[in-house]
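[1] Need a 3D model of the following:
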Amino acid sequence: MSPADLTINAGDLRVPLTIQRATRATDATYGESQLTWADWKIRWWSEVRPLQGRELERARAVAATVSHLVITRHCTGLRPDDRLVLPGGRVLNVDAVINVMERGVKHVLYCTEVLS
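    Residues are numbered from 1 along each chain as shown. The predicted structure is shown next:
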């Protein structure tokens with residue numbers, strides 16, 4: 001990787017997504033723990049690309065089900081168990097978070113689309 005890999009073109013960050021974090025809530029009726037999703041970051045501007053061809057093959061070395069690549073500015077605290085909600089309600093589970101060159105400037109996320 002070269003320093004050019006840290007470059008972020010603001011014009012490419014066209015998708016205002018919501019980053020959600022899993023939380024546990026106790027069901028009032030039965031006392032069971034249930035998984036819920038809470039908004040963590042709202043309108044986090046990103047570039048979202050569906051993967052195809054060789055890029056998809058390389059990404060699947062990281063996670064077998066990867067379908068999308070998301071590029072964004074560095075977001076402290078972003079974790080592989082978070083999920084992204086795109087405009088229109090599409091959901092991507094974050095499989096891997098890459099801090100490019102460990103510089104705290106840019107994140108590359110490998111994600112899998114949740115099909116409902």
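[2] Rounded mean pLDDT for stretch 86-99, please.
    Mean per-residue pLDDT for stretch 86-99: 94.
[3] Quick one: distance of it to the chain centre.
    Distance, stretch centre to chain centre, for stretch 86-99: 3 Å (Cα atoms, centre = their mean, to the nearest Å).
[4] Same check on stretch 102-113?
    Worked out by Cα atoms, centre = their mean, stretch 102-113 lies 7 Å from the chain centre.
[5] Repeat that for stretch 6-21.
    The chain centroid and the centroid of stretch 6-21 are separated by 10 Å under Cα atoms, centre = their mean.
[6] what comes into contact with the longest strand seen in the chain?
    For the chain, the strand that runs over the most residues, judged by DSSP state E, is strand 33-50. The contact list for strand 33-50 (Cβ atoms under 8 Å, 6 or more residues apart in numbering) reads 12-27, 67-73, 75, 82-84, 86, 92. Using the backbone N, CA and C atoms, a C-beta is placed for each residue, glycine as well.
[7] Could you pull out the buried residues of it?
    40, 41, 44, 46, 47, 48 (16 or more other Cβ atoms under 10 Å).
[8] of these, closest to residue 6?
    Proximity of the buried residues of strand 33-50 to residue 6 (Cβ to Cβ) peaks at residue 47, which lies at 14.4 Å.
[9] Tell me the confidence at the closest one?
    In the predicted model, residue 47 carries a pLDDT score of 95.
[10] Show me where this structure has its helices.
    Residue ranges of the helices in the chain, as given by DSSP state H, are 53-59.
[11] Tell me where the model's unsure across it.
    Applying pLDDT under 70 to the chain flags residues 1-4, 59, 61, 63.
[12] Looking at it, which residue reaches furthest from the middle?
    Distance to the chain centre peaks in the chain at residue 29, reaching 33.4 Å (criterion: Cα atoms, centre = their mean).
[13] Great, nothing more from me.
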